[in-house]
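Asker: coords please:
(one chain, ligands or ions: 3)
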Amino acid sequence: LESARRPSVIWLSFQECTGCTESLTRSFSPTVENLILDTISLDYHHTLQAAAGDAAEHAREEAMHANAGEYLVVVDGSLPGPKANPGYSTIAGISNYDMLMETVADAAAVIAVGSCAAFGGLPKADPNPSGAVSVQDLIKDKPVINVSGCPPVPMVITGVLAQYLTFGKLPELDQYNRPLAFFGQSIHDRCYRRPFYDKGLFAETFDDEGAKKGWCLYRLGCKGPMTYNACATMKWNGGVSWPVESGAPCLGCSEPDFWDAGGFYDAL
Ligand code: SF4
Ligand code: SF4
Ligand code: F3S
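Answerer: Residues are numbered from 1 along each chain as shown. Ligands and ions are numbered 1, 2, ... in the order given. Here you go, the predicted structure:
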């Protein structure tokens, strides 16, 4: 019996640090193994595929031709400004811009994974030497779903992929094209330290009595009130912890331009 064909996914990595892929591999429900072996056909992914060189590029082209109109393109990383710096980042001699446009032409939709792909991220931070732009700055004729975070929560990446491929339709999105199911509430809305905030109990330094008692990190620079992400409920490392639970104020990493927005705090 012929087995059912799994939906084809082509994953393009541009100006990125591989942190988003590292995060993907730490998903536990579904696991990346379940995702790749049971749910999707991951036909191109620099870090995870066995093929290299020409064979890898042939795999991308074959997947595009065999699944025209149906395949999903996932992107991590921003792109150098296509007019000013087309040669700043290339793969197989192809500029990131040309590879994105060629690959997306017959795709059903695009998922921008990580704040670099969604908003420009670290490469776009001042002084933005490559003139970095996001995927949605360039793609105007296909749906673009942004899964922001630096990196995104592992299960948010796999959850968005699984949801789209299972139901075949776009999730409900917020103003930044992020799925509301994961980005509909702020970190502050779901934070377990919120009762301390409401009582006015704040840590003033990283090692004072308030910090030891687990009080609110707002006065240490926490950007939880203006940051929308699922960290506080889905957590990291298989649901073990997340930045605020580890004593680190939220940097706002899922919001546009967070690198330049004052999210980084000084060690007091
Ligand atoms: Fe790396 Fe963060 Fe960019 Fe992902 S979003 S590629 S983790 S810098
Ligand atoms: Fe809000 Fe941050 Fe305080 Fe949590 S630690 S209650 S997210 S300000
Ligand atoms: Fe990022 Fe804040 Fe979560 S820094 S990882 S959105 S707690």
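
Asker: near ligand 1, which residues of the protein are found?
Answerer: 16-17, 19-20, 76-77, 114-116, 121-122, 150-151 (Cβ under 6 Å from any ligand atom). C-beta: built from backbone N, CA, C; applies to glycine.

Asker: can we see that at 8 Å?
Answerer: Taking Cβ under 8 Å from any ligand atom as the contact definition, the chain meets ligand 1 at 15-20, 22-23, 76-78, 113-118, 121-123, 148-152, 253.

Asker: residue 21 looks like it's in a strand, true?
Answerer: No. Assigned with DSSP: H, G, I helix; E, B strand; the rest coil, residue 21 falls outside any strand and is helix.

Asker: and the residue of the stretch 51-200 of the chain found nearest ligand 3, how close does it get to ligand 1?
Answerer: Residue nearest to ligand 3 within the stretch 51-200 of the chain: residue 187 (5.3 Å; Cβ to the nearest ligand atom). Counting by Cβ to the nearest ligand atom, to the nearest Å, the separation of residue 187 from ligand 1 is 17 Å.

Asker: pretty sure that residue sits against residue 231.
Answerer: Yes. Judged on Cβ atoms under 8 Å, residue 187 makes contact with residue 231 at a distance of 6.1 Å.

Asker: tell me, what's touching the two both at once?
Answerer: Common neighbours of residue 187 and residue 231, using Cβ atoms under 8 Å, 6 or more residues apart in numbering, are 244, 250.

Asker: mind listing what the closest residue to ligand 1 within the stretch 151-268 of the chain touches?
Answerer: Proximity of the stretch 151-268 of the chain to ligand 1 (Cβ to the nearest ligand atom) peaks at residue 151, 3.7 Å away. By Cβ under 8 Å, 6+ apart, the contact list for residue 151 reads 19-20, 22-23, 113-114.

Asker: if we go to 7 Å?
Answerer: 19-20, 22-23, 114 (Cβ atoms under 7 Å, 6 or more residues apart in numbering).

Asker: and the pLDDT for it?
Answerer: The model reports residue 151 with a pLDDT of 97.

Asker: apart from its neighbours in sequence, what residue is nearest it?
Answerer: In this structure, residue 151 finds its nearest non-sequential neighbour in residue 23, 3.8 Å apart by Cβ to Cβ, 6 or more residues apart in numbering.

Asker: same question, residue 128
Answerer: Excluding its sequence neighbours, the residue lying closest to residue 128 (Cβ to Cβ, 6+ apart) is residue 120, at 7.7 Å.

Asker: can you list the domain ranges for the chain.
Answerer: For the chain, the structural domains run 8-182, 187-260, going by automatic domain parsing.

Asker: any chance of these in a markdown table, with distance to ligand 2 too?
Answerer: Formatted as a markdown table, the domains of the chain follow (distance: least, Cβ to the nearest ligand atom, whole Å):
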| stretch | distance to ligand 2 |
| --- | --- |
| domain 8-182 | 15 |
| domain 187-260 | 2 |
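
Asker: if I pick the residue nearest to residue 133 when sequence neighbours are not counted, what's in contact with it?
Answerer: Spatial nearest neighbour of residue 133, excluding adjacent residues (Cβ to Cβ, 6+ apart): residue 79 at 5.6 Å. Residue 79 makes contact with 14-15, 96-97, 100, 132-133, 138 under the criterion Cβ under 7 Å, 6+ apart.

Asker: for the residues you listed, pick the one with the most neighbours.
Answerer: Each of the contacts of residue 79 was scored for neighbours by other Cβ atoms under 10 Å, and residue 96 scores highest at 28 neighbours.

Asker: mind checking pLDDT for that one?
Answerer: 96.

Asker: so it touches residue 78, yeah?
Answerer: No. Residue 96 lies out of contact with residue 78 (Cβ atoms under 7 Å); the separation is 8.6 Å.

Asker: intersection of neighbour lists for these two?
Answerer: Common neighbours of residue 96 and residue 78, counting by Cβ under 7 Å, 6+ apart, are residue 14.

Asker: point me to the residue sitting closest to the centre of the chain.
Answerer: residue 114 (2.2 Å; Cα atoms, centre = their mean).

Asker: for the closest residue to residue 39 other than its chain neighbours, grab phi and psi.
Answerer: When the adjacent residues along the chain are set aside, residue 39 lies closest to residue 162, with 6.0 Å between them (Cβ to Cβ, 6+ apart). Main-chain torsions, residue 162, degrees, to the nearest 10: phi -60, psi -40.
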